[in-house]
Each structure stands twice: as structure tokens, then as C-alpha cells.
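# The sequence and its predicted three-dimensional model are supplied below.
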Amino acid sequence: MVVQPLSKKEVFIILEKMRLLQTVFKFIGDISNMKVLIVEDEDGLRKSIDQYLTAEGNVCDCASTYEAASQKLAIYDYDCILLDLTLPDGEGLELLRNLKKRNKADGVLIISARNSIDQKIEGLSLGADDYLIKPFYLSELNARIMAIVRRRNFNGNDLIHFNEIEINLIAKEIKVKNLPVYFTRKEFDLILYFIANKNKVISRAAAAEHIWGDDADMADSFDFIYTHIKNIRKKLTDAGSKDYFNSVYGVGYKFIDA
């Protein structure tokens, strides 16, 4: 048997397939699900946090002033807010007070150079979930954010069960009837978001903003959310799950416990 050498075109196709597979495997490992607002006026620190958390697969918005943070908090919801106390045009604790007055459920992690016990007690008493003194390791910051999200959304559990669906928050893996099912990062984020808000109507705009952050404002329409939900439904039902998504005409979707 004579083995014919591959043409340049065939070699190129094989290399492209290998590159795509490497991208897919990296994508699976990078799956994450947190939407974070970084309120920090120090440019270097804010950019470092943004780059680190984004590299971990999260969606980050940034605000360097009291006014910018107030505007974002009036429009968006976040899994966690990183809140510096000393801002050029206001006090971080006042942002926290206003947040709690509006009964918003966003998690809050204070990041501050103020290390007095009275300052910590005041911040935690006003409703902050945690208090981290500067300087800190970014890996510790990330771990504390994850702990806040787990406590608030899933009672501190790393393993989430919804009937036949199992979500491992640490491994970033979803199983249906004990068999793993592959989802893209955005699909993973959406499933987790809907399960955390089960039996609530989620608008297409809210779903888009959750997975895309500020970039969702630039979208001409939210039709891509329909495509994501369609793909998620197919993957879940093909794996033997029930279809828990209910379409709410003219609004969005509801994930119901059927």
C-alpha cells in the first residue's frame, strides 16, 4: 500500500481542526458565570482586577467615580460589586446605603485600605458580604467573590441540583442524569442564571445584559438570546432532560420547576 503525501491544502485543514479543538478544550476549562462591577478609582488596580477576572471568564463592568457607579447600579444587577470606600466624588459607604435602600440583592465585597475594626463593622453592618483590606492577592479576591455568589444564590453549595440537572460550580460542568453535556460559556452562564431565578420571568434584555454586560447596549436586537435558549433546550432534551423553559410572549422566558 502506497501512502500518498498530503497536499498543502489538506495539511492546512488538519492544522485548522487541531487549532479549533484546542480552542474548544480551553473554552470548556474557562467557563465561569459571574457578573462583577468594579468600583475603584485607582486606575492600575482597577485594570488589574478587570483583566484578572475577565481572564477567568467573568463579565466585568468598571466605574472609577461615585457618579459612574450610581448610574450603573440604577440600570444593572450584578452577582457581586467590588466597592472601594474612597472615591473622588463621594463615599463608597453611601453607595452601599443606597443599594440596600432599594432592596437590591447584589453581593458586595468592600476593598479598602482602611483597616480599622470600626470601619469593617460599619461596612458589614450596612449589608456588605465581606471586607478585604488592600493590598491583596487577586486569587484571594476571586475566591472571596465566588464564595459570596455561592452563599447568595445557592446556599454556599458548589454542587447545584435541579431535578435531573446537576451543575458543578467548581468544575464548571453540567450533567443530565449523571452524564456530562457540553455547553459553551454563555450557555453555561444562562442556565445558571435561569436556575438561580427559577419561576421568575426573565426578559431578553436582562438575559443579554447578564452575559454581555455593557456590550449588550450595543445590540440592535436580542435575537441572539433566542438562539442561545434554543440551543440550550435542544442539548438538555437530547440528553434526557425535561424542557423547563417557558416562553413569555413579548417579554422573555421563565425557567419553571415542572
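That came in fine, so what should we check first? Numbering: from 1, shown residues only.
# got a list of contacts for stretch 94-110?
The set of residues external to stretch 94-110 that reach it, using C-beta atoms under 8 Å, 6 or more residues apart in numbering, is 37, 39, 66, 69-70, 73, 77-85, 92, 123, 126-132, 141, 144-145, 148-149, 151-152. Yep, even glycine has a C-beta here, placed from its N, CA and C like the rest.
# quick one: which of those residues sit in strands?
For the contacts of stretch 94-110, membership in strands holds for 37, 39, 80-83, 130-132, with DSSP state E as the criterion.
# most neighbours, which of those residues?
Compared across the ones in strands among the contacts of stretch 94-110, I81 has the highest neighbour count, 29 neighbours, by other C-beta atoms under 10 Å.
# Just give me the closest of the ones in strands among the contacts of stretch 94-110 to A206.
Closest approach between the ones in strands among the contacts of stretch 94-110 and A206, by C-beta to C-beta: L37, at 15.6 Å.
# From G127, how far out is the closest residue to L87 other than its chain neighbours?
If the residues on either side of it in the chain are set aside, L87 comes closest to Y66, at 4.6 Å by C-beta to C-beta, 6 or more residues apart in numbering. Counting by C-beta to C-beta, to the nearest Å, the separation of Y66 from G127 is 18 Å.
# Who has more neighbours out of the two?
Y66 (18 against 15).
# Just to check, the more buried one is in contact with D84?
No: the pair Y66 and D84 fails to qualify as a contact (C-beta atoms under 8 Å) at a distance of 10.0 Å.
# Dead centre of the chain: give me the residue that sits there.
With distances taken as C-alpha atoms, centre = their mean, the chain has M34 as the residue nearest its mean C-alpha position (2.1 Å).
# re earlier: what are the neighbouring residues in contact with the residue nearest to L87?
Under the criterion of C-beta under 8 Å, 6+ apart, the contact list for Y66 reads 87-92, 94-95.
# so where is the stretch 151-258 of the chain shaky, pLDDT-wise?
Using pLDDT under 70 as the threshold, the predicted model of the stretch 151-258 of the chain has low-confidence ranges 153-158, 211-221, 258.
# Strands of that one, start to end?
Across the stretch 151-258 of the chain, reading from the start of the chain, the strands by DSSP state E, counting those that start in this stretch fall at 159-162, 165-168, 173-176, 179-181, 201-203, 245-248, 252-255.
# and the gap between A74 and K104?
Spatial separation of A74 from K104 under the definition C-beta to C-beta is 10 Å.
# nope, Y193 is what I was after
Spatial separation of Y193 from K104 under the definition C-beta to C-beta is 16 Å.
# More neighbours: the two, which one.
Of the pair Y193 and K104, Y193 is the one with more neighbours under other C-beta under 10 Å, namely 19 against 15.
# surely D79 meets K35?
Yes: checked against C-beta under 8 Å, the pair D79 and K35 is within contact range at 4.9 Å.
# what about L124, how many neighbours?
The number of residues packed near L124 is 14, by other C-beta under 10 Å.
# Tell me the pLDDT of the spatially closest residue to it that is not a sequence neighbour.
For L124, the nearest residue in space outside its immediate sequence neighbours is Y131; the separation is 6.2 Å by C-beta to C-beta, 6+ apart. Predicted confidence (pLDDT) for Y131: 89.
# From I111, how far off is Y131?
In terms of C-beta to C-beta, Y131 sits 8 Å off from I111.
# related to what we said a few turns ago, the contacts of Y66 in helices, which ones?
Secondary structure assignment (DSSP state H) places 92, 94-95 from the contacts of Y66 within helices.
# Show me just the buried residues among those residues.
In the ones in helices among the contacts of Y66, burial by neighbour count holds for 92, 95, counting by 16 or more other C-beta atoms under 10 Å.
# Could you provide the ones in helices among the contacts of Y66 in a markdown table, with additional columns for distance to A55?
Listed next are the ones in helices among the contacts of Y66 as a markdown table, based on distance: C-beta to C-beta, whole Å:
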| residue | distance to A55 |
| --- | --- |
| G92 | 25 |
| E94 | 32 |
| L95 | 26 |
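# Take the ones in helices among the contacts of Y66 and write them to TSV, including pLDDT and distance to L159.
What follows is the ones in helices among the contacts of Y66, written out as TSV (pLDDT from 0 to 100; distance: C-beta to C-beta, whole Å):
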residue	pLDDT	distance to L159
G92	87	34
E94	90	38
L95	89	34
